[in-house]
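> Give me a 3D structure for the following:
(chains A and B)
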Amino acid sequence: MQLTNRSKVVTKKEMSFMEKLYLPAIVSGLSITIKHLFKKKATLRYPEVTREFAPVYRGMHVLKRDEQGRENCTACGLCAVACPAEAITMDAAERKKGEENLYREEKYAAKYEINMLRCIYCGLCEEACPKDAIYLTDRIVPSEYARDTFVYGKDLLVEKMDDRIDVSKRKKSYHID
Amino acid sequence: MAKVTIDGKTIEVPDGTTILQAARMIGPDVAPPTMCYYSKLKTSGGYCRTCLVEVTKGSEKDPRPMPKLVASCRTNVMDGMEVGNITSAKVIEARKGVVEFLLLNHPLDCPICDQAGECHLQDLGYEHGSAKTRTDFERRTFEKISLGDKIQLHMTRCILCYRCVKVADQITDGRVHGVMNRGDHSEISTYIENVIDNDFSGNVIDVCPVGALTDKTFRFKSRVWFTKPVNAHRDCEKCSGKVNLWYKGEEVLRVTGRKDQWGEVEEFICNTCRFDKKQTSDWTIEGPTNINRHSVISANHYQVLKKGSEFKLNDIKPIPLIEGEGA
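Numbering: from 1, shown residues only, chains lettered A, B, ... in the order given. From the prediction side, this is the model:
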């Protein structure tokens, strides 16, 4: 019984003399192989060479400082409420006298944690941030053995003073008229 | 009785009712926003001009429209009056201007302010304001003023609605707090920065529509939308003891009065309930507070959906098809 119209009748044709020689087929196959030797390689010699990331790539977060090195984050909680995975938690504290060079505004995040296993790298926290504090960068979160090491605190998220992270390509370019 | 039509909706109200009260009786769709009017405080209203409405027909006897927009909190209804609120283009335009005026000196430090999320000025600016200011002048600044160890005053955020002054006048005995100076220089102050020392002084925090008066015991503890409000009560010899507790985890971060749908407290509570009773064991819990689902406070708070059997037949309405679109 025929079930579909897609069945094919297979025939075993007698090969011609040229086909029986095999040599033309071997030559044409080898020519393709040799041609590829001179083409540009599709792979990179990682880790010596790394591929350039797209400017919109969303990787590990950074908590930015301003030009004077003060933390931008004021723990307003908008990133946490925007987060669809509920990966962000924070505790706020009041800036004391003498800490004006550490924090930009009178409130700051005493604790700021992102659970990198929960995070889905959607970038909504970056979009919600009113203070230009959080950005997603082209850095990749390294793999770990234990789950609790994926909860990143301020020690890993805040950019180091001597190792500033350029986010100028990700800065919001829109403005409201 | 007077028959009044607001935004095409007619209601019959007793004589002497203000337009605002009549609009609130119809429902939240037509009620004008208020920043200074507070139904629980006598002589409040008339300062902020947020509730301006257009009276297109004065009354049945004198159908001429009123020449200017009127403050609905201070204008009584007349029989046959017709009022335009959100249906009037004039009102929308005027309200935009009012918001711009209110925000002239407002610092817009919402990311820091503890009121953010339950701030009436935020809602007002979001619904009626424009995205930009046109002023070139510096915003006025003040030194931070401490009103005792429980209440923090940020004069920069104040919009001079006088609600807290009315509370000090009417709820507490012995007024120690008022408005100093005049015009652009006016500010809320206690006499020579006296400490407010009264059992009901904490209510100024609840009536403040912005973040000018905030709870020091809650200062920077948490954002409002990370806390979970529950209704609770206790036996209190000074007040009704009916409050909202704002939980974060197991901890009571804040105690406030219960607010109705207009953002006004139902009953004023005393300072003992507000500041000193922050243990779950002090209270009898009644259940979670119902928060409007459009409020940011309800974000990430999950509710159990109704079961299919609990739906009434009338609740389910067919979705109207938009004309011109295929089914």
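> after the helix or strand of chain A with the lowest mean pLDDT comes which helix or strand?
Lowest on mean pLDDT, DSSP states H and E among the helices and strands of chain A sits helix A:17-21, with a mean of 89. Moving toward the C-terminus from helix A:17-21, the next helix or strand (DSSP states H and E) is helix A:23-37.
> Quick one: name whatever helix or strand follows that next one.
Per DSSP H and E, helix A:23-37 leads on to strand A:61-63 as the next helix or strand towards the C-terminus.
> Let's see the helix or strand just after that next one as PDB, backbone CA atoms only.
Downstream of strand A:61-63, the first helix or strand assigned by DSSP H and E is helix A:78-82. Below are the C-alpha coordinates for helix A:78-82, written out as PDB (Å, rounded to 0.1, in the frame of the first residue of the first chain):
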ATOM      1  CA  LEU A  78      14.200  50.300  39.900                       C
ATOM      2  CA  CYS A  79      16.600  47.600  38.500                       C
ATOM      3  CA  ALA A  80      15.300  45.100  41.000                       C
ATOM      4  CA  VAL A  81      11.700  45.800  40.300                       C
ATOM      5  CA  ALA A  82      12.300  45.700  36.500                       C
END
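> So for B:Phe101, what pLDDT did the model give?
B:Phe101 carries a pLDDT value of 90.
> oh sorry, the question was meant for B:Ile319
In this model, B:Ile319 is scored at 57, pLDDT.
> What does residue 58 show for phi and psi?
Using chain A here. Here is the backbone geometry of A:Arg58 (degrees, to the nearest 10): phi -110, psi 100.
> for it, what are its contacts?
By CB atoms under 8 Å, 6 or more residues apart in numbering or on different chains, the contact set of A:Arg58 is A:121-123, A:136. In short, each C-beta sits where N, CA and C put it, glycine included.
> residues contacting residue 112?
Looking at chain A here, since you left the chain open. Residues in contact with A:Tyr112, defined by CB under 8 Å, 6+ apart, are A:63, A:73, A:75, A:88-90, A:153-154, A:157.
> that answer is for a different chain, and I need it for chain B
By CB under 8 Å, 6+ apart, B:Ile112 lies in contact with A:74, A:76, A:105-107.
> hmm, 6 Å instead?
Residues in contact with B:Ile112 (CB atoms under 6 Å, 6 or more residues apart in numbering or on different chains) are A:74, A:105, A:107.
> cool, B:Val165 as well?
So B:Val165 contacts B:178-179 (CB under 6 Å, 6+ apart).
> most residues in a single strand of chain A, which one?
Ranked by number of residues, the top strand in chain A under DSSP state E is strand A:107-115.
> which neighbours does that one have in its sheet, and in what orientation?
Strand pairing for strand A:107-115, using DSSP bridges, gives strand A:88-94 (antiparallel), strand A:151-152 (antiparallel).
> for these, which one sits closest to B:Glu118?
Each of the strands paired with strand A:107-115 was scored for nearness to B:Glu118 using CB to CB, and the closest is strand A:88-94 (16.7 Å).
> List the buried residues in the closest one.
Across strand A:88-94, burial judged by 16 or more other CB atoms under 10 Å in any protein chain shown covers A:88, A:90, A:92.
> now do the same end-to-end measure for stretch B:187-199.
Stretch B:187-199 has an end-to-end distance of 23 Å (CA to CA, to the nearest Å).
> residues from chain A in reach of chain B?
Where chain A comes near chain B, counting by CB under 6 Å from any CB of the partner chain, the residues are A:74, A:76-77, A:81, A:92, A:94, A:105, A:107, A:130, A:176.
> so what's the most centrally placed residue in chain A up against?
The centroid of chain A falls nearest to A:Gly59 when counting by CA atoms, centre = their mean (3.0 Å). Shown in contact with A:Gly59 (CB under 6 Å, 6+ apart): A:137-140.
> All the helices of chain B, residue numbers only.
Using DSSP state H, the helices of chain B run over B:19-26, B:89-102, B:120-128, B:163-170, B:203-207, B:271.
> Could you tell me which ranges of chain A sit under the pLDDT cut-off?
A:172-177 (pLDDT under 70).
> Low-confidence bits of the stretch 201-327 of chain B, can you list those?
If you take pLDDT under 70 as the line, the stretch 201-327 of chain B has these spans: B:302-327.
> Return the residues of it in contact with chain A.
Residues of the stretch 201-327 of chain B found near chain A (CB under 6 Å from any CB) are B:220, B:223, B:225, B:299.
> Quick one: buried ones out of the residues you listed?
B:220, B:223, B:225.
> can you name the two of the residues of chain A next to chain B that are farthest apart?
By the measure CB to CB, A:Glu94 and A:Ile176 form the most distant pair in those, at 30.7 Å.
> Does A:Pro130 belong to a helix, a strand or coil?
On the three-state scheme (DSSP: H, G, I helix; E, B strand; the rest coil), A:Pro130 is labelled coil.
> correct me, but it touches B:Cys113?
No. A:Pro130 is beyond contact range of B:Cys113, at 12.0 Å (criterion: CB atoms under 6 Å).
> what's the span of stretch B:82-97, first residue to last?
Stretch B:82-97 has an end-to-end distance of 23 Å (criterion: CA to CA).
> for that stretch, what is the average pLDDT?
Averaged across stretch B:82-97, pLDDT comes to 92.
> Next, the buried residues of that stretch.
The neighbour-count check on stretch B:82-97 (16+ other CB under 10 Å) flags B:82-86, B:88, B:91, B:94-95 as buried.
> what does the domain assignment say about chain B?
Chain B breaks down by automatic domain parsing into domains covering B:2-101, B:120-218, B:224-298.
> So which bits of stretch B:244-251 are buried?
If you call a residue buried by 16+ other CB under 10 Å, then stretch B:244-251 has these buried ones: B:244-247.
> taking the residues you listed one by one, which sit in strands?
B:244-247.
> Spatially nearest residue to whichever residue of the stretch 151-300 of chain B sits closest to chain A (excluding sequence neighbours)?
Per CB to the nearest CB, the residue of the stretch 151-300 of chain B with the smallest distance to chain A is B:Arg223, at 3.7 Å. The shortest distance from B:Arg223 to any residue other than its chain neighbours is 3.7 Å, reached at A:Gly77 (CB to CB, 6 or more residues apart in numbering or on different chains).
> Can you give me the neighbour number for the one you found?
By other CB atoms under 10 Å in any protein chain shown, the residues close to A:Gly77 number 23.
> Could you check how far it is from A:Phe17?
Applying CB to CB, to the nearest Å, the value for A:Gly77 to A:Phe17 is 81 Å.
> I'd like to know how far A:Asn115 sits from chain B.
15 Å (CB to the nearest CB, to the nearest Å).
> Next up, phi/psi of the nearest residue to that residue once chain neighbours are set aside, please.
Leaving aside its chain neighbours, A:Asn115 sits nearest to A:Ala87 (4.6 Å; criterion: CB to CB, 6+ apart). Main-chain dihedrals, A:Ala87, degrees, to the nearest 10: phi -90, psi -20.
> One more: the one 10 residues further on?
When read as degrees, to the nearest 10, the backbone of A:Lys97 gives phi -60, psi 140.
> and if you look at B:Ser72?
Torsion angles at B:Ser72 (phi, psi; degrees, to the nearest 10) stand at phi -70, psi -20.
> got a list of what it touches?
Applying CB under 6 Å, 6+ apart, we find B:Ser72 in contact with B:19-20, B:32, B:51, B:53.
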